[in-house]
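A.B. asks: only geometry, no sequence info:
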């Protein structure tokens with residue numbers, strides 16, 4: 001956990017005033033002011049520029065906070081290393097994951113991990129891919145399950161877990177689906193995205209990689225589907241596609257494992273798009289605890305045994 005020095009200075013910087021920072025920290029404003037005065041007296045210079053609104057760190061304050069954060073990180077690393085030295089594998093792991101990965105991957109992983117390592121506590125932080133990367137960068141998660149290539153590829157390292165094919169999904173009785181005989185011998189026959197021009201389409205909301213894929217395919221093929229709905233969730237989008245609301249993009253994992261209200265028909269995408277690589281991303285300059293490393297290994301084992309074979 002960050003020291004009070006880091007927490008208080010960071011709150012003053014992000015909240016921009018003593019009153020808002022004190023409210024955020026759940027302490028009184030006089031207590032925060034007195035803490036800062038004692039700290040500045042100890043350091044021998046002002047750390048906060050009180051003449052500007054919102055408040056800013058002085059150059060000395062910026063250097064001081066940067067150093068304190070480095071010290072906090074060293075303390076955190078030391079604690080994790082000491083815990084790993086102790087007998088047995090124990091500890092607490094925070095994993096970043098989307099609701100989709102929670103439902104269709106972590107439900108396969110956690111029971112196996114719990115049997116192997118009953119003394120390790122697991123916590124899940126939810127979010128979109130970009131948010132999950134930022135949580136990993138900030139150290140709020142030990143690692144996050146995201147998609148490669150990363151938004152923050154220079155700041156994060158990763159371990160590849162598995163790949164999943166991307167598909168077009170629609171109700172089995174959709175007019176386009178009925179043009180392709182189901183006894184063709186191909187599980188996911190190729191479908192030219194241009195055939196979806198003017199068709200009702202369910203799009204994943206902006207800020208997710210599936211949204212970018214949709215727009216890339218429109219640009220590449222010249223297709224202009226009619227967007228009837230934007231969904232936050234691929235699970236919801238697929239369920240809506242199954243009842244005939246429109247066509248959507250999905251993954252092979254979701255197409256195989258999601259229980260939809262009505263039968264679906266799925267197609268591989270033409271022009272071809274690369275399969276998505278699912279990774280565990282973490283800060284390369286932070287110590288990855290033995291508990292976190294063991295959890296990643298179990299994820300690799302489960303993915304290899306169940307997901308890669310469908």
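C.D. replies: Ah, there it is. Remember, it's a predicted structure, so these values are computed and weren't measured experimentally.

A.B. asks: any idea of the mean pLDDT in the helix or strand hosting residue 7?
C.D. replies: Secondary-structure assignment from DSSP states H and E places residue 7 in helix 4-15. Averaging pLDDT along helix 4-15 gives 87.

A.B. asks: output the contacting helices and strands for it.
C.D. replies: helix 18-25, helix 29-43, strand 56-57, helix 59-85 (3 or more Cβ pairs under 8 Å, 6 or more residues apart in numbering; DSSP states H and E). C-beta: built from backbone N, CA, C; applies to glycine.

A.B. asks: what is the burial count for residue 101?
C.D. replies: 24 (other Cβ atoms under 10 Å).

A.B. asks: secondary structure class for it?
C.D. replies: The three-state label given to residue 101 by DSSP: H, G, I helix; E, B strand; the rest coil is helix.

A.B. asks: these two touch, right, it and residue 132?
C.D. replies: No: taking Cβ atoms under 8 Å as the definition, residue 101 is not a contact partner of residue 132, at 9.1 Å.

A.B. asks: what sits in contact with each of these two?
C.D. replies: residue 145 (Cβ atoms under 8 Å, 6 or more residues apart in numbering).

A.B. asks: what residues are up against residue 190?
C.D. replies: Residue 190 touches 267, 268, 269, 270, counting by Cβ under 8 Å, 6+ apart.

A.B. asks: in the stretch 101-250 of the chain, which spans are strands?
C.D. replies: 120-126, 143-148, 156-164, 166-171, 190-192, 200-204, 226-231, 247-251 (DSSP state E, counting those that start in this stretch).

A.B. asks: how far off centre is the shortest one?
C.D. replies: With Cα atoms, centre = their mean, to the nearest Å as the basis, the distance from the averaged C-alpha position of strand 190-192 to the chain average is 30 Å.

A.B. asks: including mean neighbour count and mean pLDDT, could the helices and strands packed on helix 4-15 go into CSV?
C.D. replies: As requested, the helices and strands packed on helix 4-15 are arranged in CSV below (neighbours: other Cβ atoms under 10 Å; pLDDT from 0 to 100):
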stretch, mean neighbour count, mean pLDDT
helix 18-25, 17, 90
helix 29-43, 13, 89
strand 56-57, 18, 88
helix 59-85, 14, 77
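
A.B. asks: closest one to residue 175 among the ones you listed?
C.D. replies: For the helices and strands packed on helix 4-15, distance to residue 175 was read as Cβ to Cβ. The smallest value, 54.9 Å, belongs to helix 18-25.

A.B. asks: show residues contacting the closest one.
C.D. replies: 7, 8, 11, 12, 14, 15, 28, 29, 31, 32, 33, 55.

A.B. asks: and residue 229, how far is that from residue 266?
C.D. replies: As for residue 229, its distance to residue 266 is 19 Å (criterion: Cβ to Cβ, to the nearest Å).

A.B. asks: the two: which has the busier surroundings?
C.D. replies: When neighbours are counted by other Cβ under 10 Å, residue 229 and residue 266 differ, and residue 266 comes out ahead with 23 against 15.

A.B. asks: thinking again about what came up before, tabulate the strands of the stretch 101-250 of the chain (TSV), appending distance to residue 112 and mean pLDDT.
C.D. replies: Below are the strands of the stretch 101-250 of the chain laid out as TSV (distance: least, Cβ to Cβ, whole Å; pLDDT from 0 to 100):
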stretch	distance to residue 112	mean pLDDT
strand 120-126	12	93
strand 143-148	16	95
strand 156-164	14	94
strand 166-171	27	97
strand 190-192	35	96
strand 200-204	30	97
strand 226-231	31	96
strand 247-251	22	96
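
A.B. asks: could you export those strands as JSON lines, including distance to residue 94?
C.D. replies: Listed next are the strands of the stretch 101-250 of the chain as JSON lines, based on distance: least, Cβ to Cβ, whole Å:
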{"stretch": "strand 120-126", "distance to residue 94": "5"}
{"stretch": "strand 143-148", "distance to residue 94": "9"}
{"stretch": "strand 156-164", "distance to residue 94": "15"}
{"stretch": "strand 166-171", "distance to residue 94": "29"}
{"stretch": "strand 190-192", "distance to residue 94": "40"}
{"stretch": "strand 200-204", "distance to residue 94": "25"}
{"stretch": "strand 226-231", "distance to residue 94": "27"}
{"stretch": "strand 247-251", "distance to residue 94": "25"}
